[in-house]
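K.L.:
Here you go, sequence then predicted model.
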Amino acid sequence: MVIDPIAEIECEAVVSAAAIAPDAKWLAWGSEDGVVRIVDLSTSEPMVLDPFNVDDSVSHLAIAAGDVIVVGTHTSDLHGHERLGGRRWSHSLGGGCDHLHISSDGGLVASIDGGRHLHLLTENGVNRGRFTASELIRLCVSEDGTKVAVADDEGNVTVLSPSGEKLYGRETESEMDETISAMCFLHDGSLLLCREALGLTQAEVPQIALERWQDGVQLHIEEVDSRSVVLVPDGTGALAGQFDGTVLCISDDLQSEVRWKSMYTVNDIQRYGSDLLVASWFHLHRISSDGEHLWQCEHTGLVQSIITSKDGSRILLTGDNQNDYTRENRMLLLDPEATPYVLSEDFDIDEDLQEFVTEAPIAAPDEELYADDEETIASLLTEEERGLMHKRHEVDEELFDMLDDEIEQLAMVQDDTPDLFTNLDDEDFVSHVPPSADAGQDQIVSAKADGTATVLLDGAASSAGTQGIEQWIWRDGDSKQIGKEALIRVRLPVGNHTFTLTVSDPSRESSTDTVTVQVQGTAVDDTFDLLSD
């Protein structure tokens, strides 16, 4: 069963972020071209309104209270815009916006910048707080906006107040590396997270587990078979979309029940009444409370998230087929209450060929198309022909008996053929492994009195692959080449700087990695007199 979208919105660029207004009367989307476009949904046909530009390519977009469009960019600041394009406020970020979450009431805006700092703002851009702790890579905000949780790349989790004050933390086990794959706050303010150990664990320690924390105390822990890609609060428990395609309903004591299973990873889940909306592969699925598949809708690209209005009356799907030759940039606007229908087997046949489609003949239920009625056949033959037919059956039986004896004899003979794969190492099957660039960790340094800082860019941790690294190339944010060694020193003024390392082997296989350097301090006029220099 399938449903059709009520509108297909063609997009002139790849959609990098999108949001739909709470009242479902308009939506906004941004792309790498730095343009935010507004679509009016209040009319029978969606109508594109005047767009507005931001300083850089759009990485994140959300709608806060008062219909403020919060726009995060790849390397620039965080902005708050009116629906008609006027900019209300801007907030300075170091290295762009990597993560953006807004509370359900739209009153708390949380963002992690490129320097891995957490910024907490109101919908009007007023700074409420800031938090810094190693490499922050994951962020979630409670629905009422009273708590914020951040996780770093080592599995440490910190729960904060809306002003950035630490409430409590969850520290990783010292003897093993961990990662947090998903987090969400439950109805009572407790934190549910899925953690995965990256190395071997002891027998009593689960490799992948769900954990529930409250005020610094672990209330429950339960092992699961696959890591959670998305966790969504639901009643007193939560919904979980797993990497292996399983959809779980989780109770408050972390007991889980399988609601549905997809063949592909679950990218997003949302509740719709008693049913579930599940994004997986190229489809959005609607699943009933008893696990029945009600309908699906297909997008031309991989569906990454389910964007719904606050009342759930409209669903926006974005996707990217990641093919530069056949890339179709579009968004689908859905009505979840649309009437589903059965997809015809010849739905994808061109209209001009439909007249040639014919139905295949169907045999009657009691018709034996392949019956072997020897008596009927024998009645049509002469006496001599009937004798030949019986003689042929006797010969066939003798041949089958001889064949069975030969198969049994072959099975008893030991196979002395040498194994061609004996004594071959696994490395003999690897034809070529390209190098892998590692530009090092992001850096935050303080400027000297002259307003500059000397920084070491270290790419020595790059992997050489099977043929070794033949060439090292460092480039700055303007793609200007600045060095050809694994380690180089650069002198930088106050500000945010991005550098890219490219390594290549003799076969011209290459890899790139980027590092961000933030120089803090007071900027100094760096002009100088050539005559006195």
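P.N.:
Happy to help now that I have it.

K.L.:
quick one: residue 288 and residue 273 touch, right?
P.N.:
No: applying CB atoms under 8 Å as the test, residue 288 and residue 273 come out as separate, 9.8 Å apart. For the C-beta atoms, the positions are set from N, CA and C on the backbone; glycine is no exception.

K.L.:
okay, the two: which has more neighbours?
P.N.:
Neighbours per residue, other CB atoms under 10 Å: of residue 288 and residue 273, the larger number sits with residue 288, 14 against 10.

K.L.:
Next, the contact list for the more buried one, please.
P.N.:
By CB atoms under 8 Å, 6 or more residues apart in numbering, the residues touching residue 288 are 274, 275, 294.

K.L.:
Just grab the bridge partners of the nearest residue to the last one once chain neighbours are set aside for me.
P.N.:
Closest residue to residue 294 apart from its sequence neighbours, by CB to CB, 6 or more residues apart in numbering: residue 286 at 4.5 Å. When bridges are assigned using DSSP bridges, the partners listed for residue 286 are residue 277, residue 295.

K.L.:
can you count the residues close to residue 286?
P.N.:
By the criterion of other CB under 10 Å, residue 286 has 21 neighbours.

K.L.:
Could you check how far it is from residue 260?
P.N.:
10 Å (CB to CB, to the nearest Å).

K.L.:
So for these two, which residues contact both of them?
P.N.:
By CB under 8 Å, 6+ apart, the residues touching both residue 286 and residue 260 are 276, 278, 293.

K.L.:
out of those, which are buried?
P.N.:
Those of these that meet the buried threshold are 276, 278, by 16 or more other CB atoms under 10 Å.

K.L.:
with the shared contacts of residue 286 and residue 260 in mind, which one is nearest to residue 477?
P.N.:
Nearest to residue 477 out of these is residue 278 (CB to CB; 40.1 Å).

K.L.:
Now the closest one. Nearest residue, chain neighbours left out?
P.N.:
In space, residue 278 comes closest to residue 285 once its chain neighbours are excluded; the distance is 4.5 Å by CB to CB, 6+ apart.

K.L.:
hang on, isn't that neighbour packed against residue 293?
P.N.:
Yes: in this structure, residue 285 is within contact of residue 293 by CB under 8 Å, at 6.3 Å.

K.L.:
which sections of this structure are below the confidence cut-off?
P.N.:
Counting by pLDDT under 70, the chain shows low-confidence ranges at 174-175, 323-327, 344-381, 385-386, 388-400, 408-431, 524-533.

K.L.:
All the helices of it, residue numbers only.
P.N.:
Ranges of helices within the chain are 374-378, 383-412, based on DSSP state H.

K.L.:
quick one: which of the contacts of residue 288 has the most company?
P.N.:
In terms of neighbour count, residue 275 stands highest of the contacts of residue 288 at 16 neighbours, by other CB under 10 Å.

K.L.:
Pull up the distance across stretch 320-331, start to finish.
P.N.:
Start to finish, the residues bounding stretch 320-331 are 10 Å apart (CA to CA, to the nearest Å).

K.L.:
make that stretch 63-82, sorry
P.N.:
Length of stretch 63-82, first residue to last, CA to CA: 10 Å.

K.L.:
buried ones in that stretch?
P.N.:
Neighbour counts using 16+ other CB under 10 Å place 63-65, 67-81 of stretch 63-82 among the buried residues.

K.L.:
coming back round to it: give me the common contacts of residue 285 and residue 293.
P.N.:
Residues touching both residue 285 and residue 293 by CB under 8 Å, 6+ apart: residue 260.

K.L.:
Who are the contact partners of residue 517?
P.N.:
Residue 517 neighbours (CB under 8 Å, 6+ apart): 442, 443, 444, 445, 455, 457, 492, 496, 497, 498, 499.

K.L.:
gap between it and residue 132?
P.N.:
Relative to residue 132, residue 517 is positioned 16 Å away (CB to CB).

K.L.:
Over to residue 197?
P.N.:
Per CB to CB, residue 197 is found 26 Å from residue 132.

K.L.:
okay, now residue 337: neighbour count?
P.N.:
10.

K.L.:
Show me where the stretch 201-350 of the chain has its strands.
P.N.:
For the stretch 201-350 of the chain, the strands defined by DSSP state E, counting those that start in this stretch cover 208-214, 217-223, 228-234, 237-242, 246-250, 256-261, 266-272, 275-280, 283-287, 293-298, 302-308, 315-320, 330-334.

K.L.:
just these: most buried one?
P.N.:
Across the strands of the stretch 201-350 of the chain, averaging neighbours per residue (mean count of other CB atoms under 10 Å) puts strand 237-242 on top, at a mean of 25.

K.L.:
which helices and strands does that one pack with?
P.N.:
Applying 3 or more CB pairs under 8 Å, 6 or more residues apart in numbering; DSSP states H and E, we find strand 237-242 packed against strand 228-234, strand 246-250, strand 266-272, strand 275-280.

K.L.:
Is it possible to get a markdown table of these that adds distance to residue 121?
P.N.:
Shown next, in a markdown table, are the helices and strands packed on strand 237-242 (distance: least, CB to CB, whole Å):
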| stretch | distance to residue 121 |
| --- | --- |
| strand 228-234 | 23 |
| strand 246-250 | 31 |
| strand 266-272 | 25 |
| strand 275-280 | 29 |
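
K.L.:
Of all those strands, which one is nearest residue 384?
P.N.:
With CB to CB as the measure, strand 275-280 is the member of the helices and strands packed on strand 237-242 nearest residue 384 (67.6 Å).

K.L.:
what's that closest one in contact with?
P.N.:
Contacts for strand 275-280 (CB under 8 Å, 6+ apart): 239, 241, 245, 247, 259-260, 262-271, 284-289, 294, 303-306, 308, 315, 317, 336.

K.L.:
can you rerun that using 6 Å?
P.N.:
Here strand 275-280 makes contact (CB atoms under 6 Å, 6 or more residues apart in numbering) with 247, 262, 264, 266-270, 285-288, 303, 306.

K.L.:
tilt between that strand and strand 283-287?
P.N.:
150 degrees (axes from the mean of the first three to the mean of the last three CA atoms, to 10 degrees).

K.L.:
May I have strand 275-280 exported as CSV, CA atoms only?
P.N.:
The C-alpha coordinates for strand 275-280 follow below in CSV (Å, rounded to 0.1, in the frame of the first residue of the first chain):
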residue,chain,number,x,y,z
ASP,A,275,1.0,4.6,14.8
LEU,A,276,4.6,5.2,14.0
LEU,A,277,6.3,7.0,11.1
VAL,A,278,9.6,5.3,10.2
ALA,A,279,12.2,6.6,7.8
SER,A,280,14.3,3.9,6.3
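
K.L.:
Return the distance of that strand from the chain's centre.
P.N.:
In terms of CA atoms, centre = their mean, to the nearest Å, the centre of strand 275-280 is set 15 Å apart from its chain centre.

K.L.:
Kindly report the same for stretch 221-229.
P.N.:
Stretch 221-229 sits 18 Å away from the centroid of its parent chain (CA atoms, centre = their mean).

K.L.:
measure it end to end?
P.N.:
Counting by CA to CA, you get 18 Å between the two ends of stretch 221-229.

K.L.:
Show me what it is in contact with.
P.N.:
Contacts of stretch 221-229 with the rest of the structure, by CB under 6 Å, 6+ apart, involve 181-182, 194, 196, 206, 208-211, 240-244, 254, 266.

K.L.:
okay, now residue 137: neighbour count?
P.N.:
If you count neighbours by other CB under 10 Å, residue 137 ends up with 16.

K.L.:
all numbers from here: first residue = 20
P.N.:
Shifting the count to begin at 20 puts that one at residue 156.

K.L.:
How about it, nearest residue that isn't a chain neighbour?
P.N.:
Leaving aside its sequence neighbours, residue 156 sits nearest to residue 172 (CB to CB, 6+ apart; 5.1 Å).

K.L.:
What residue spans form the domains of this protein?
P.N.:
With domains defined by automatic domain parsing, the chain comprises 26-353, 454-539.
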